[in-house]
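K.L.:
Any chance you can model this:
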Amino acid sequence: MCYSPLLPEPRADIVKKGICDGDELSYSRCKYYTKVLKDEGKNEEYLIQKYRPDPMLNMVSYEPKSGCEFFKVVKSKNGYVVFCDALQRYLTKHEIELCMKDFERCPIRRVLSLRV
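P.N.:
I've put the predicted structure just below:
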């Protein structure tokens, strides 16, 4: 079975003898191979691979801006997505607009600000 994080679910049909069962030099040539990413401050590459944004749902063509401290803009191949550190997920296009226009009224931000 191939358990690559690049696949939506584990698959057996893509496993190749001599590559998948070999050493790191062998299996690193597989197109489904990816290096393990450390959660170092949630860097952009980590966020894209771990949370996998949906281009139709989460991606915008412009660079969004917000004064919210939880609003993290991530540049991808085809545009921009926004990761919300408070929600621990990507925002939808609609949520991006709301956060850009009126982040002060965000109930999650208010609750988290009270905890500090």
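
K.L.:
mind listing what's buried in stretch 64-77?
P.N.:
Pro64, Ser66, Cys68, Phe70, Phe71, Lys72, Val74 (16 or more other CB atoms under 10 Å). C-beta: built from backbone N, CA, C; applies to glycine.

K.L.:
start to end distance for that stretch?
P.N.:
Terminal residues of stretch 64-77 lie 15 Å apart, using CA to CA, to the nearest Å.

K.L.:
Look up how far Val74 lies from Gly86.
P.N.:
Not Gly; residue 86 is Ala. From Ala86 across to Val74, the span is 15 Å (CB to CB, to the nearest Å).

K.L.:
repeat for Asn58
P.N.:
Applying CB to CB, the value for Asn58 to Val74 is 10 Å.

K.L.:
any common contacting residues for these two?
P.N.:
Common contacts of Asn58 and Val74 (CB atoms under 8 Å, 6 or more residues apart in numbering): Val81, Val82.

K.L.:
Domain parsing of this protein, as residue ranges.
P.N.:
Domain segmentation of the chain under automatic domain parsing yields 1-36, 39-115.

K.L.:
Give me whichever of those is most buried.
P.N.:
Ranked by mean neighbour count under mean count of other CB atoms under 10 Å, those are led by domain 39-115, which reaches a mean of 14.
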